[in-house]
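K.L.:
Sequence first, then the predicted structure, then my questions.
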Amino acid sequence: MANDTAAEPKLGTYICTGCGLGDALDIEALEKIANGDPKSSTCKTNAFLCSDEGVKVIRDDIDGEGVNRVVIAACSGRVNQDVFAFGDDVVLDRVNLREQVAWCHTPNDEETDALAQDYLRMGLVKNSKSSIPESSVTQEVYDTLLVIGAGATGMQAAIEAAKAGHKVVLVEKEAELGGYLRTLHRQLPQRQPYAELSEPDLARKEGEVKAQPNIEVMTSSEVVKISGQPGLFTALVKRDGDEVAMQVGSVVLATGASSYDAAKLDHLGFGASPNVVSSDTFEAMAKSGKIVRPSDGRPATSVAFVLCAGSRDPDHLPYCSSSCCATSLKQAAYVREADPVNGRAFVFYRDMRTPGHQEYFYKAMQEDEGVFLTKGNVTEVKPVGANQVSVTAEETLLGGPITVEVDLVVLATGIVPSTLENDILALEYRQGAALPDLKYGFPDSHFICFPYETRRTGIFAAGTVRAPMDIANAYIDGGGAAMKAIQAIEYARTGIAALPRAMDPTYPDFGLDRCTACKRCTEECPFGTLNEDEKGFPQLNINRCRRCGICMGACPERVINFQNYSIDGTSSQIRAIDIPSEDSGKLRFLAFMCENDAYPAIDMAGVKRLQYDVQVRFVPVRCLGAINQVWIADSLSGGFDGVMLLGCKHGDNYQCHMIRGSELAVERLGKIQETLDRLGLEAERVQYIEFPISEYQRFPEIVKGFVKHINKIGPNPFKGF
Amino acid sequence: MSTPVAPDLEFIRSLKAFGGENLKSCYQCATCSVVCPISTDDRPFPRPEMIHAQWGMKEKLVSDPLVWVCHNCRDCSSYCPRGAKPGELLSAVRDYTITHFAWPRPFARLFNDAKYLPLLFAIPAVILLVALGIEGHLHIPEGEIVYSKLFSIHILEYLYIPVSFFGFIAGLMGMRRYWTGISAHRAGESPRRTMAEAAVLTGKEILSHTQFRKCSVEGKRYYGHLPMLYGFLGAFATTTLVTLYYYLFDRLTPLPLYDPVKILGNVSAVLLLYGCARLVARRFEKGPEERNNLPSSYFDWLFLGLLTAVAVTGTLTELTRLSGAAGIAYPTYFIHLCLIFMLLGYMPYSKFAHLFYRTAAMVHEKMYAAEEVAVVLPGPPEEPPEEVEEEEEEEEAAAPAAAGGPAATSPLGGGGSPLGGGSKIGGGAPPSMFGGSKIGGGAPPSSPLGGGSKIGGGPPPSSPLGGGGGIGGTPPPPPGGGSKIGGSPPPPAGGSKIGGSPPPPAGGSTIGGSPPPPAPGGSKIGGTPPPPMFGGVPGGAKPPAPPAPPAEEEAKDE
């Protein structure tokens, strides 16, 4: 689909001599390269290329001379992006002579010049191998959002999206709106000074939803199928036995969480006495106005709250449910409210976790003379007589084990995401009907960098289904996810990538005529982009694609390519690097580096003027998962002495922007190393190195270590073949 | 063994009413215990008291021996990051204690509410008026002002001796209840000193106000309380001497101004007025922050106000007499007498009762305390360091106890002090042959006091208390070096201080017969049974710290 019919390529190369480049490098030699092959129709140097005058030089060539390909040899491509912006019709490449050459290597040195020249050659080759993508937009996208679940999060998401002018279909499984909000007696404080409980928000939110003409509420309804892609989803919703099909642009999953089953907490006395209940039961008691002992129906004036009941417990829920501490404090307030004279609430906590404004509420509750707080491990909960229960805790603030006898024990059970019970979305995706989870069953993706993003583009998780949180945060989540969902529709409308490569207009082009239906791409895509036809060939859903290139890295037939990032393009860049002869004593190393973390880290090393081995040549890749094995084979057969793969942390607490990129790279590396062994080439010549952005200062050390290692092995025996 | 806890909500409310309203704010960070001069590593204070108050544990607090050892220097309140005001809470506990142990108890209620004040004043006023009526003196006497024209000395004696006696006996009743309470608190511990010894030390401390001087935040109060104390004692002595003058020399008041007794009385009055004025002024003083201000409840004011009023009316009585204004002088005298009646008769119910409770607590503390209280202090900046040094020596002479030893396990903190381990006072004893502890060690066996330590030097090993340890005693191995507390005696002569463990080959435990620690050095609290509440961590079984370099004070006592 590349734009081959466009005008004749006309390349302009612009070399900046500012920022010390002119003093450090042999500019004439660079100009000579620009006029070599591929030949630039024009090559200019400028002492201040990012100035208005400098940019005008380029702009004039584009407008007047018909230059449609531009290579700028100057600073890092991560800076001045707004200055060197020449529109979608120009193939632009930036050659980083500043951060990665002049600033981190000896000036006016033969090897430094060799490095600069290699980079310029690589840039020229890459540019010549790139093309302008045709728009991937094939049809008008749908503007409507589908919000699943009408609790605090879902209602908020619907309200915010509707206010932003989008139609919303709000699907609720129950007969009424509200979800968890509907079960509440009171809600945690919502305004200064955060000391007084507030009335539940249910009526207010319900009113807002009903007042919005943009929101179509479907209660007693369930989603039975979702197919398609962002901007072009088709959802099937079942209501009263009828299935309604609807076209939606994006989906917000706000189905919340359920409480952990208290019946599993017999070690905390559940079941041993009717007077041991869960938080939910207690909330219902308070809502009904009767805080009583279930055993005899008499008022419960003393109540013990056992926090972390089943939470942060490897045998039950290993995580913190985040809101139970504040909920228990709230319920302690019910006890005091019911009997201000004699009401006693004992709260046994592991760590009082009251994030945000909840801390003020905690302080307020501490002040209450009838609320007794202590850290402690509850070791025993047992009935005393027919109506009392004793709670024993160890390691309390009182210095030793203590026992209190109370009317009622409330176990603050944690929460379990609703997606654990069923997949809810029923996705018609090659990789399965459910959202992949990140941890503990929560369908999140990169929670710090990209909140609400799941691993299914255009489908956003929000509220307690995404992570444990309180109502205040659920509102924020609802609003945030709604904005993301709108953004996803807009990206699909203009045919550009979603995060993290937002705004990228390129996309993978599948040369299906040579595809062998090996299914590696369909299986390895972290975002479930590809479906398969009945013969097993990949079917691209372009709007689901995040343009990471992991499919390209996976393809053994090398038939997947982007317009400006291709197997041939990168192989050509590698071949453009000059390999000194073995006699020269100079080595050459190739470093594939992740554009998202390693590239900025190495730029930072340059900014800090850290000096490192000049024999390394960097090849930026969209993701380590987008490294096709042929490139490694090419580099070793081309005479490189070693290859580094610089990528992010993977595994449980991964930092990979593409979720599985560096993990896949390591996996594939294992295979290539076996091959190397068979060829009699040392497997250690190719190494994966975890290089988080925060450790840029270590970079010179990392390179030194690698070079030392290769020096020990000796130069590549294939050099010169 | 787990402790049953049943919070007393009424108690919490009372403490709040007595001035501890912020007690619930405490979050147990232990800053108070770090800054408190009487807190020690193994006996943090007042952090446990705070949580006892929060949890309404009345029985624990009213019989807490340390609550009355606290002199309300309010360092804790100044440093408390949460504004929980532990100092005020302790003050409230003391007020509550007075009411709690008062005899007869119902009577004590009249002193907690300002609405009863007219009644309290009316009682002596009516009694005195009745007395005047009986004597037929219900008018301003003629001629030169002589107060015995109004009340004869006999009337005053018949009235005031029983009143004082009642106040004193009732006070002692409360004191006895309190003593029982704190003794129960320390059940299982053996005293280190006899009551008489402890009483002598306490008396010295009261008269010298050493504890008061250690207060940093409330340092100035020392300059008010001391003159007040001596003024009061002087006034009391004057009254006694005047009575003796009458019976021995048949001399009646007014005495001439040059009379020694008159001079004593006037000087006392000046001291009392000065002391009261300072203390009253302190209560109005505003600090840079709200928490620097001294909160004052009615209960606080009742005693201080009464005492001040007594001083003022007493002085006025004399001045009006000298000026010859009979119309003012006699009524003033009448009021003065009413106030004296209140001061003495109501002694056990007002803050005056601190006389009993604090004395009892101090004596008890000196009998039992395992460690010298507060030697190293971040004293007030204006206090020159030399003074602190002097004080230390004085303190050592007065109340030997000791230093050092291994960092004991802090019962609350579960090992070491809550904020950084290490012993607050001194280090371990020196390993030298002459080593002994800071206080005890180093005296030759020929010392008249025996085994090397200054007080309670050890009897020979045949001591009835067994295996080498008398009270504070070590078998005197030449050339001495008994450890007082925690100081490691030189091998092989370790001795346990109290209790009958056979002398370990090296190192002695201080209290109780714990098996000797493996290394030389003494364990601080040895095998004391853990106190009922804070005994989560087994006693001082930690291996002792390596011996510290020889203490400088070694030779001081010789």
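P.N.:
Now that the structure is in, tell me what you want to look at.

K.L.:
contacts, neighbours, all on C-alpha from now
P.N.:
Noted.

K.L.:
my guess is residue B:75 contacts residue B:32, does it?
P.N.:
Yes: counting by CA atoms under 8 Å, residue B:75 touches residue B:32, with 7.5 Å between them.

K.L.:
more crowded one of those two?
P.N.:
residue B:32 (27 against 24; other CA atoms under 10 Å in any protein chain shown).

K.L.:
so the more buried one is in which element?
P.N.:
helix B:31-35 (DSSP states H and E).

K.L.:
ok, that helix near chain A or not?
P.N.:
No: counting by CA under 8 Å from any CA of the partner chain, chain A has no neighbours in helix B:31-35; the shortest distance is 14.4 Å.

K.L.:
Mind giving me the packing neighbours of that helix?
P.N.:
Packing contacts for helix B:31-35, counted by 3 or more CA pairs under 8 Å, 6 or more residues apart in numbering or on different chains; DSSP states H and E, involve helix B:75-79.

K.L.:
ok, and what's touching the helix it packs on?
P.N.:
B:31-33, B:35-36, B:83-88, B:215-218, B:291-292 (CA atoms under 8 Å, 6 or more residues apart in numbering or on different chains).

K.L.:
can you check stretch B:333-344 too?
P.N.:
Contacts of stretch B:333-344 (CA under 8 Å, 6+ apart): B:120-121, B:124-125, B:128, B:147, B:160, B:163-164, B:167-168, B:303, B:306-307, B:309-310, B:313-314, B:317, B:352.

K.L.:
mind running it again at 6 Å?
P.N.:
B:124, B:125, B:164, B:167, B:310, B:313, B:317 (CA atoms under 6 Å, 6 or more residues apart in numbering or on different chains).

K.L.:
same check, this time on stretch A:195-202
P.N.:
Contacts of stretch A:195-202 (CA under 6 Å, 6+ apart): A:181, A:186, A:187, A:188, A:189, A:361, A:364.

K.L.:
next one: stretch A:633-646
P.N.:
A:588-593, A:685-691, A:715-716, A:718-719.

K.L.:
got it, and stretch A:331-346?
P.N.:
A:301, A:302, A:303, A:304, A:305, A:370, A:371, A:372, A:373.

K.L.:
What is the burial count for the residue of the stretch 201-350 of chain A found nearest chain B?
P.N.:
Residue nearest to chain B within the stretch 201-350 of chain A (CA to the nearest CA): residue A:342, separated by 7.2 Å. Other residues near residue A:342 come to 15 when the count uses other CA under 10 Å.

K.L.:
What of the one 4 residues further on?
P.N.:
Under the neighbour criterion other CA under 10 Å, residue A:346 is assigned a count of 25.

K.L.:
Next, it: secondary structure please.
P.N.:
strand (DSSP: H, G, I helix; E, B strand; the rest coil).

K.L.:
quick one: it from residue B:194, how far?
P.N.:
43 Å (CA to CA, to the nearest Å).

K.L.:
shaky segments in the stretch 251-400 of chain B?
P.N.:
Along the stretch 251-400 of chain B, the parts satisfying pLDDT under 70 run over B:291-292, B:370-400.

K.L.:
Now the helix or strand hosting residue A:155: buried residues?
P.N.:
Assigned by DSSP H and E, residue A:155 belongs to helix A:152-163. Under the neighbour-count criterion of 16 or more other CA atoms under 10 Å in any protein chain shown, helix A:152-163 has A:152, A:153, A:154, A:155, A:156, A:157, A:158, A:159, A:160, A:161, A:162 buried.
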